[in-house]
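Trainee: No letters, just coordinates:
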């Protein structure tokens, strides 16, 4: 395998979407390397992400295209899209505006297991979700 | 939410396994921050990973526990296990021996999309898979 062989393949043709037509996308800060979140893409959201260079996912709960940051303003400018050996996982390198997590943290991975298996907070709160998304009634 | 509240919860009780009993685990080099791979865990492989501090996954193709590096020697020493806001994705911070990818690259994400959507190699070949796994007949 070499660069010239690979360069004949298009990313969109290599991606293996699962039985639901989705592929997981890991999202990493392009500068710090911090992993911010994982979300799912269908073919349409991936094509849109590649074209617009802002991250667009498929919301499995709302069953609709999800332009990240549309409500919160916390958009993700996409610098690179990588694909893994099996073609069934993507890695996005992004510039994250504000926090990535809907709970208000910079990263969705804001909890880690301690020695005894319990959880502790390991990230920084960036915003108050009630102010950004509105108070839940 | 604060540290004292979180600390009453155990990681294994918070993880939401999918309908197949699996959870995706993103694997990141603890020092460089490089994302190496994504694999899947069931409850047993996660418990084993937490206990032994070496990465153990569930092989969806072989349908068996998969101690990473058992064949290749490319083990992953686990420093931290983080969980995301929804409890349905894990992030492992590891020390990777050799390459993580069965194709021989350091990371499974060894290809990235160029401006025109084609793929180019963007990682370093660490080993010859035929020497490590044997030649495919």
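Mentor: Alright, I've got the coordinates. All figures in this text were calculated on a predicted structure; none of them were measured in a lab.

Trainee: Looks like residue A:66 contacts residue A:60 (just checking).
Mentor: No - if you go by C-beta atoms under 8 Å, residue A:66 and residue A:60 don't touch, sitting 9.3 Å apart. To be clear about C-beta, it is placed using only N, CA and C from the backbone, and glycine gets the same treatment.

Trainee: More neighbours: those two, which one.
Mentor: residue A:66 (20 against 14; other C-beta atoms under 10 Å in any protein chain shown).

Trainee: Name the residues linked to that one by a beta bridge.
Mentor: Judged by DSSP bridges, the bridge partners of residue A:66 are residue A:57.

Trainee: Centroid-nearest residue for chain A?
Mentor: residue A:27 (3.9 Å; C-alpha atoms, centre = their mean).

Trainee: That one falls within a strand, correct?
Mentor: Yes - checked against DSSP: H, G, I helix; E, B strand; the rest coil, residue A:27 lies within a strand.

Trainee: thought it was touching residue A:37?
Mentor: Yes - with contact defined as C-beta under 8 Å, residue A:27 counts as touching residue A:37 (4.8 Å).

Trainee: part of a strand, is residue A:131?
Mentor: No - with three-state DSSP as the criterion, residue A:131 is located in helix rather than a strand.

Trainee: So it versus residue B:19, what's the distance?
Mentor: 35 Å (C-beta to C-beta, to the nearest Å).

Trainee: So which of these two has more stuff around it?
Mentor: Between residue A:131 and residue B:19, residue A:131 has the larger neighbour count (other C-beta under 10 Å), namely 10 against 5.

Trainee: tell me the pLDDT at the residue in chain A that chain B sits nearest to?
Mentor: Going by C-beta to the nearest C-beta, chain B is nearest to residue A:33 of chain A, at 2.8 Å. We have a pLDDT of 98 for residue A:33.

Trainee: residues near it, how many?
Mentor: Around residue A:33 there are 14 residues (other C-beta under 10 Å).

Trainee: cool, residue A:38 as well?
Mentor: 25.

Trainee: doesn't residue B:86 make contact with it?
Mentor: No - if you go by C-beta under 8 Å, residue A:38 and residue B:86 don't touch, sitting 9.4 Å apart.

Trainee: who touches both of these two?
Mentor: Counting by C-beta atoms under 8 Å, 6 or more residues apart in numbering or on different chains, the shared contacts of residue A:38 and residue B:86 are residue A:108.

Trainee: Can you give me the distance of residue A:51 to residue A:96?
Mentor: Residue A:51 is 20 Å from residue A:96, by C-beta to C-beta.

Trainee: Compare those two (neighbour count), which wins?
Mentor: residue A:96 (25 against 10).

Trainee: quick one: that one and residue A:29 touch, right?
Mentor: Yes - with contacts counted by C-beta under 8 Å, residue A:96 reaches residue A:29, the gap being 5.8 Å.

Trainee: Now do the SS call for residue A:119.
Mentor: Applying three-state DSSP: residue A:119 is strand.

Trainee: So it sits against residue A:110, correct?
Mentor: No - using C-beta under 8 Å, residue A:119 is not in contact with residue A:110, being 9.7 Å away.

Trainee: where in chain A is pLDDT low?
Mentor: Residue ranges of chain A with pLDDT under 70: A:1-8, A:136-137.
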